[in-house]
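Colleague: structure of the sequence below:
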Amino acid sequence: MFPEFEVVPAVDMQDGEVVQLVQGERGTEKTYGDPVEAARRWVDAGAETLHLVDLDGAFEGERKNAPAVDAVLDAVDVPLQLGGGIRTADDARDLLDRGVDRVILGTAAVENPDIVAELAEDYPDGVMVSLDAKDGEVVVSGWTEGTGLDPAEAAARYEELGAAAILFTDVDVEGQLEGVHLETTSAVVDAVDIPVVASGGVASLDDVRALREAGAAATVVGTALYEGRFTLEEAMEA
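Modeller: Residues are numbered from 1 along each chain as shown. Below is the predicted model of the structure:
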């Protein structure tokens with residue numbers, strides 16, 4: 001997984017469309033069209049992995065964009081990581097058996113850490129735990145509820161339980177195109193030996209380089225790519 005640093009385009013879905021939110025807040029979204037068209041566009045541009053999120057699922061706990069996810073699965077032939085509304089081990093197994101390469105567990109992993117160990121037994125490379133931090137605290141349920149957990153401490157805990165990777169999102173800078181904050185990301189990277197995929201705030205090629213130098217295995221980029229701040233090809237070269 002991520003033998004070299006990767007730039008992973010985000011395909012975040014709400015009501016069947018690609019959207020990007022500012023700081024994870026509903027009502028701030030800007031839409032960018034059809035998920036399949038977006039997925040094909042990024043793969044054609046050289047993406048080696050795609051990051052899919054069912055935002056309705058993240059907020060409401062039900063995978064309302066499942067048809068769009070299925071369409072993307074059928075349309076592209078690169079590894080896919082999927083999060084949003086995956087609340088049970090059965091949900092995760094179903095997705096992994098249908099061709100999703102990694103399921104991203106956020107709320108489910110916080111509420112029931114044993115789900116990580118349970119799934120890792122059968123899918124050792126299939127579980128990515130999402131740690132989303134706001135004001136230095138892990139938040140869940142679509143970034144709406146605090147947990148009191150420190151991101152670095154939580155990352156180490158999930159590594160012990162068998163997580164194959166950590167997805168760390170800095171909600172404080174998510175979608176704002178104002179640059180990354182490296183302090184918490186670096187702390188999470190230093191706390192574990194498994195890959196850490198960084199997300200949130202990437203606005204320039206310098207941000208991509210900074211995350212790579214901080215030790216992240218990859219970075220998920222959404223708004224900056226959709227708004228044309230740089231191309232995927234430029235980011236990959238950086």
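Colleague: contacts only, for residue 207.
Modeller: 179-180, 201, 224 (C-beta atoms under 8 Å, 6 or more residues apart in numbering). In this view, the C-beta of every residue, glycine as well, is placed from N, C-alpha and C.
Colleague: in what helix or strand does it lie?
Modeller: Here residue 207 sits within helix 205-213, counting by DSSP states H and E.
Colleague: do the same with residue 37
Modeller: Residue 37 is located in helix 35-44, with elements delineated by DSSP H and E.
Colleague: now do that helix: which elements does it pack against?
Modeller: Other elements packing on helix 35-44 under the criterion 3 or more C-beta pairs under 8 Å, 6 or more residues apart in numbering; DSSP states H and E are strand 6-14, strand 17-22, strand 50-54, helix 66-75.
Colleague: the helix or strand just after the helix holding residue 207 packs against which elements?
Modeller: Next helix or strand after helix 205-213 toward the C-terminus (DSSP H and E): strand 218-221. Taking 3+ C-beta pairs under 8 Å, 6+ apart as the contact definition, the neighbouring helices and strands of strand 218-221 are strand 6-14, strand 196-199, helix 205-213.
Colleague: for the protein, which spans come out with low pLDDT?
Modeller: Using pLDDT under 70 as the threshold, the predicted model of the chain has low-confidence ranges 22-25, 61, 141-144, 173-177.
Colleague: buried ones in the strand or helix carrying residue 158?
Modeller: Secondary structure from DSSP H and E places residue 158 in helix 151-161. Taking 16 or more other C-beta atoms under 10 Å as the neighbour-count basis, helix 151-161 is seen to contain the buried residues 151-152, 154-159, 161.
Colleague: who's in contact with residue 170?
Modeller: 133, 180-181, 184-185, 198-201.
Colleague: CSV please, covering those and showing distance to residue 120 and neighbour count.
Modeller: Conversion of those to CSV gives the following (distance: C-beta to C-beta, whole Å; neighbours: other C-beta atoms under 10 Å):
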residue, distance to residue 120, neighbour count
133, 23, 26
180, 29, 23
181, 30, 14
184, 25, 19
185, 24, 27
198, 22, 32
199, 22, 27
200, 25, 28
201, 30, 26
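Colleague: hang on, the earlier thing: follow the chain on from the helix holding residue 158 and name the next helix or strand.
Modeller: Taking DSSP H and E as the definition, the helix or strand that follows helix 151-161 towards the C-terminus is strand 165-170.
Colleague: got the angle for that following strand vs helix 151-161?
Modeller: Computed with axes from the mean of the first three to the mean of the last three C-alpha atoms, to 10 degrees, the direction of strand 165-170 lies at 160 degrees from that of helix 151-161.
Colleague: show me what the helix or strand just after strand 165-170 is packed against.
Modeller: Using DSSP H and E, the helix or strand that directly follows strand 165-170 along the chain is helix 182-191. Counting contacts by 3+ C-beta pairs under 8 Å, 6+ apart, helix 182-191 is packed against helix 151-161, strand 165-170, strand 196-199, helix 205-213.
Colleague: tabulate those (TSV), appending distance to residue 238.
Modeller: Shown next, in TSV, are the helices and strands packed on helix 182-191 (distance: least, C-beta to C-beta, whole Å):
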stretch	distance to residue 238
helix 151-161	26
strand 165-170	19
strand 196-199	14
helix 205-213	4
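Colleague: which of these sits closest to residue 60?
Modeller: With respect to residue 60, and counting by C-beta to C-beta, the nearest of the helices and strands packed on helix 182-191 is strand 165-170 at 18.8 Å.
Colleague: strands paired with the closest one, and their directions?
Modeller: Listed by DSSP bridges, the sheet partners of strand 165-170 and their directions read strand 127-134 (parallel), strand 196-199 (parallel).
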